[in-house]
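[1] Fold the following, please.
(2 chains)
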Amino acid sequence: MGTLLFLGQTLRIAIPYLFAAAGGAIAERAGIVSLTLEGFMLGGAFGAVIGSFYTESAWMGMLCGALVGLLLGAVHAVASIRYRADQIVVGVALNLFVVGATRFFLQLAFDSSSNSPRVAGFGGEGASGNAGAFLANPLIWLGIAVIPALAWLVGRTTFGLRVRAVGEHPVAAQSVGVPVTRVRYAAVLLSGLFASLGGVYLALDQHQFTDSMTAGRGFIALAAVIFGRWDPKRAGIACLLFAAAETLQIRLQAAQLIPSQFVAMIPYLLTIVAVAGVVGRSTPPAALGKAE
Amino acid sequence: MRKLLALLGVLLAIHVAFLFVRPAGAALPATADAVDVGIVFDLGGRGDKSFNDGAYLGAERAMRELGARVRFVEPGEGSDREAGLRLLAAEGMDLVIGVGFIFTDDLSQLALEYPNVAFAGVDFAVGVDSTGAVIQPPKNLAALKFREEQGSFLVGALAALVGGSKKVGFVGGMDSPLIHKFEAGYRAGAMHVCPDCEVIAQYAGVTPEAFRNPGRGKELALSQFQSGVNVIYHASGSTGLGVFEAARTLKKLGIGVDADQYNEAPGYVLSSMVKGVDAAVFDAIKRVKEQRFVGGIYQFGLAENGVGYVYDARNKALIPDSVRTRLEALRAEIIAGRITVPSTR
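    You can find the predicted model right below:
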């Protein structure tokens, strides 16, 4: 029973990370820096609540959240690809923009600066608290499926091959007829879509939107991508690892064995270790962040 | 690139310009002895259903009853809070109020620079010097503080009496002395009525983001509920909304903080530890109006009705009469000084 609770909680915590990491992996493999995951998630969360509130359907909420993700992805893509702006600057700006914009629309729609009213979620009452309702949430299944699907997409399909080529050596890819720009657009749009679903999960699980509710999860997901050496499968495992560390922290804190501050640093510590090259060589896609 | 920079520049200029936009509704006809009050809200601004809304209520009452003219400033994310306070002080307001402990340093500084303006800080964090003695705020600065530990003591007793499982829970936001105060009072209250009870206290994080992470709050609460806790008190900002969500999911109870949070999960909110921010703000304005404002530290505890717990028609059904009687007796004992509530862990 204890193990089952532990695994369930780990999975619930991991779902937003898995979605966001999938988004991060695809964009970064195409050579576009993904600092925007946090913004995509927050935008997705807000879209989901707006959609669910006005249609009273969680499915419509999911759709709206995904649309917001695509829209933000498009903004990121146009700025980074079309206008060749510095991708890190675009990422930071987009994240700040989403924080401000969601707060603005929250005030406009619900006359509150802190949270939205309660909206419909998946699985009705009791979702995520007990096992049955938890498994009735389609976003759980999507979250579990997204990493294997992405691994297949990147590793086994023509599109995936192109994404990888574009991220490693766009000039060479161009010379053999790969439409570099189009592949990158597609990758960034997919990134927005995937990451926003992480936000959709969070918001519908809470049945409401709260100001800045993603609380840095996008950055943890990016850390997972780097920790996983830009490989979807490894990134997925990293997400589960980080989520397990968090669950452990929750349990240890209750038992008051070691200071919570210490366990809270585990994901970041692991990432630094990974980037420092302790766990094998960590090489980003060669063309990552480069305009050409 | 140059175009982008120019665009950024323009956006920045617009942003700065908006900082100085005056909210409407503050211009009342001038009367000879009307008090001019400026209020700078904490992050979140109006509509936070908590702190800032409390200050707004108090100011609104002062407008109605005292004819005060109040101007509100809502600083945005990352913008300079100090600028808002300074603007109001420089404009010759009679009283400038900063809502939230975040304004502590700025208020102390400005009070010295503008000795003729009265300042008040809600939740002002009074410092102590190296010998541990309290540093008194400047003469023209009132530190409006609340004895959260006293209110927390009562909801701690409430949780232990209603929970009935020898285990009560606490979820804090950022792991910091400010929130430890809530935990200390809560723990003392629970242990007072149930010496063999266990208090499980957890925090959502070690950064200010821990106050805005409902996802985390829900997971913390779920694991506490699953370990046998039946009632959880939160002092964690919107992270606590996740605690209520968990309570709703597992049909357990949560206790709100700062304002009456019953509406966040009707039927699953046992009570709320409320802070009388509105009363404190109104009181400060009234003192200025009656020209008897003096700086110093103002403590609003149970005796002053500065803190308390919600007991009304909506949550009555959740609190048995015997428990209510017991809590009122405890309240009287604290006011009489027979029980001293600790404010640190």
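[2] Please enumerate the helices of the chain.
    Just so you know, I chose chain A. Assigned by DSSP state H, the helices in chain A fall at A:2-29, A:37-55, A:58-77, A:87-110, A:131-135, A:138-156, A:158-168, A:170-175, A:180-206, A:217-227, A:232-255, A:260-264, A:266-275.
[3] sorry, should have said chain B
    According to DSSP H, the helices that chain B contains are B:2-19, B:51-66, B:81-90, B:104-113, B:148-163, B:177-193, B:214-226, B:239-250, B:277-289, B:321-336.
[4] could I get those as CSV with distance to A:Gly23, mean pLDDT and mean neighbour count?
    Any C-beta I mention is one placed from the backbone N, CA and C, and that applies to glycine too. Converted to CSV, these look like this (distance: least, CB to CB, whole Å; pLDDT from 0 to 100; neighbours: other CB atoms under 10 Å in any protein chain shown):
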stretch, distance to A:Gly23, mean pLDDT, mean neighbour count
helix B:2-19, 25, 65, 11
helix B:51-66, 34, 91, 20
helix B:81-90, 34, 88, 20
helix B:104-113, 40, 92, 18
helix B:148-163, 41, 96, 28
helix B:177-193, 34, 95, 22
helix B:214-226, 18, 94, 26
helix B:239-250, 24, 93, 28
helix B:277-289, 41, 93, 22
helix B:321-336, 50, 97, 14
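[5] could those helices be laid out in TSV, adding distance to A:Ser112?
    Formatted as TSV, those follow (distance: least, CB to CB, whole Å):
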stretch	distance to A:Ser112
helix B:2-19	20
helix B:51-66	9
helix B:81-90	21
helix B:104-113	26
helix B:148-163	24
helix B:177-193	23
helix B:214-226	14
helix B:239-250	12
helix B:277-289	17
helix B:321-336	31
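[6] Relative to chain A, which of the ones you listed is closest?
    helix B:239-250 (3.4 Å; CB to the nearest CB).
[7] quick one: is that closest one near chain A?
    Yes: Helix B:239-250 is in contact with chain A by CB under 8 Å from any CB of the partner chain, via B:241-242, B:245-246, B:248-250.
[8] I'd guessed A:Leu28 sits against A:Leu288; true?
    Just to correct that, residue A:28 is Glu rather than Leu. Yes: here A:Glu28 lies in contact with A:Leu288, judged by CB atoms under 8 Å, at a distance of 6.1 Å.
[9] got a list of what the residue nearest to B:Val199 when sequence neighbours are not counted touches?
    Distance criterion CB to CB, 6 or more residues apart in numbering or on different chains; nearest residue to B:Val199, sequence neighbours excluded, is B:Arg187 at 4.7 Å. Applying CB atoms under 8 Å, 6 or more residues apart in numbering or on different chains to B:Arg187 gives the contacts B:156, B:170, B:199, B:201, B:345.
[10] Next step: the residues you listed restricted to strands.
    Among the contacts of B:Arg187, the members found in strands (DSSP state E) are B:170, B:199, B:201.
[11] could you dump those to CSV with neighbour count and pLDDT?
    Compiled in CSV, the ones in strands among the contacts of B:Arg187 are given as follows (neighbours: other CB atoms under 10 Å in any protein chain shown; pLDDT from 0 to 100):
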residue, neighbour count, pLDDT
B:Phe170, 30, 97
B:Val199, 21, 95
B:Ala201, 23, 94
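[12] Of these, which is the nearest to chain A?
    Nearest to chain A out of the ones in strands among the contacts of B:Arg187 is B:Ala201 (CB to the nearest CB; 8.5 Å).
[13] So what sits opposite the closest one in the bridge?
    Beta-bridge pairing for B:Ala201 (DSSP bridges): B:Phe170.
[14] Hmm, it is touching B:Gly172, no?
    Yes: if you go by CB under 8 Å, B:Ala201 and B:Gly172 touch, sitting 6.8 Å apart.
[15] Now for the residue of the stretch 1-150 of chain B found nearest chain A, how many residues are close by?
    Taking CB to the nearest CB, chain A has its nearest neighbour within the stretch 1-150 of chain B at B:Gly47, 4.0 Å off. A total of 21 residues lie near B:Gly47 under the criterion other CB atoms under 10 Å in any protein chain shown.
[16] Please list the residues of the stretch 151-292 of chain A that sit near chain B.
    Within the stretch 151-292 of chain A, the residues that sit near chain B (CB under 8 Å from any CB) are A:202, A:205-208, A:210-213, A:215-217, A:246-247, A:250-251, A:253-254, A:260-261, A:264.
[17] which residues touch the residue of the stretch 1-150 of chain B closest to chain A?
    Contacts of B:Gly47 by CB under 8 Å, 6+ apart are A:107, A:111-114, B:53.
[18] one more time with 6 Å
    Counting by CB atoms under 6 Å, 6 or more residues apart in numbering or on different chains, B:Gly47 makes contact with A:112-113.
[19] now do the one 4 residues further on
    When contacts are counted by CB under 6 Å, 6+ apart, B:Phe51 is found next to B:258, B:277.
[20] what do you get if the cut-off is 10 Å, keeping everything else the same?
    B:41-44, B:99-100, B:122-123, B:237, B:258-259, B:275, B:277 (CB atoms under 10 Å, 6 or more residues apart in numbering or on different chains).
[21] Which of the residues you listed fall within strands?
    Using DSSP E, the subset of the contacts of B:Phe51 located in strands is B:99, B:122, B:258, B:275.
[22] With B:Arg216 as the reference, measure out to B:Asp258.
    As defined by CB to CB, to the nearest Å, B:Asp258 lies at a distance of 19 Å from B:Arg216.
[23] low pLDDT regions in chain A?
    A:1, A:123-133, A:256-257, A:260, A:274, A:277-282, A:291-292 (pLDDT under 70).
[24] if you set the cut-off to 80 instead, what comes out?
    Residue ranges of chain A with pLDDT under 80: A:1-2, A:113, A:123-135, A:254-268, A:270-283, A:290-292.
[25] Grab the nearest non-local neighbour of A:Leu197.
    Of all residues not flanking A:Leu197 in the chain, A:Phe19 sits nearest, at 4.6 Å (CB to CB, 6+ apart).
[26] Distance-wise, check the closest residue to B:Tyr56 other than its chain neighbours relative to A:Gln107.
    Spatial nearest neighbour of B:Tyr56, excluding adjacent residues (CB to CB, 6+ apart): B:Arg46 at 5.6 Å. Distance of B:Arg46 to A:Gln107, computed by CB to CB: 9 Å.
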